[in-house]
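> I would like to see how this sequence folds:
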Amino acid sequence: MSDPSIISNQDTNITVQPTNLGGNTYTFSVEDNFGCTYDTTITVITQQPGSVEPDVQTCDEFYQFNNNYVPTTGFWTYTSHSGTLIFDDTNSLTQIVTCSILVFTT
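Next comes the predicted model:
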C-alpha cells in the first residue's frame with residue numbers, strides 16, 4: 001500500500017479514497033503460484049459533489065436556490081436536526097422540494 005489513498009488492502013479486495021478530483025490511476029500486480037506476474041490498471045474518476053448556496057432563512061412559501069456546482073451524476077439528500085425535505089426526483093438536476101419544518105413557540 002505505497003499509495004496513501006489506498007486505505008484498506010484485504011487480499012484481493014482494496015478500498016481506495018482518492019484525494020484528488022478527476023482521474024486517479026491504480027495499478028494492481030499479482031504473482032501466481034508459478035512465479036508469473038500480471039498487472040492491470042484501473043482509473044477511478046472522482047467528481048466534485050454538488051452543492052447549494054449556504055444556509056438561508058425565509059418566510060416565503062417559495063424559495064429558489066442555486067447550485068454552486070451541478071454534478072453530472074448522483075442524487076440529492078438532506079440532513080437536518082429538524083424538519084424534512086421530500087424531493088420529487090432525487091436524480092433530477094431541477095428539483096421540486098417539499099419542506100416540512102418543526103416550529104416551537106413558547
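
> which stretches of the protein form strands?
Assigned by DSSP state E, the chain shows strands spanning 6-10, 13-16, 22-31, 37-46, 51-52, 67-69, 84-87, 97-100.

> pLDDT value on Asp39, please?
In this prediction, Asp39 carries a pLDDT score of 92.

> wait, it sits on Phe28?
Yes: counting by C-beta atoms under 8 Å, Asp39 does reach Phe28; the two are 6.2 Å apart. Backbone N, C-alpha and C define where each C-beta goes, glycine included.

> closest to Trp76 out of the strands of the chain?
Go through the strands of the chain one by one with C-beta to C-beta and the one that ends up closest to Trp76 is strand 84-87, at 5.0 Å.

> Please name every helix or strand in contact with that closest one.
In terms of contacts (3 or more C-beta pairs under 8 Å, 6 or more residues apart in numbering; DSSP states H and E), strand 84-87 is packed against strand 97-100.

> Domain ranges for the chain, per the record?
6-46, 49-106 (automatic domain parsing).

> Where among the ones you listed is average confidence lowest?
Looking over the domains of the chain, mean pLDDT reaches its minimum on domain 49-106, with a mean of 67.

> residues contacting the closest residue to Tyr26 other than its chain neighbours?
The spatially closest residue to Tyr26, leaving aside those adjacent along the chain, is Ile42, at 5.6 Å (C-beta to C-beta, 6 or more residues apart in numbering). Taking C-beta atoms under 8 Å, 6 or more residues apart in numbering as the criterion, Ile42 is in contact with 25-26, 28.

> and the nearest residue to Glu31 once chain neighbours are set aside, what does it touch?
Nearest residue to Glu31 in three dimensions, chain neighbours excluded: Thr37, at 4.9 Å (C-beta to C-beta, 6+ apart). Contacts were defined as C-beta under 8 Å, 6+ apart; by that measure Thr37 touches 29-31.
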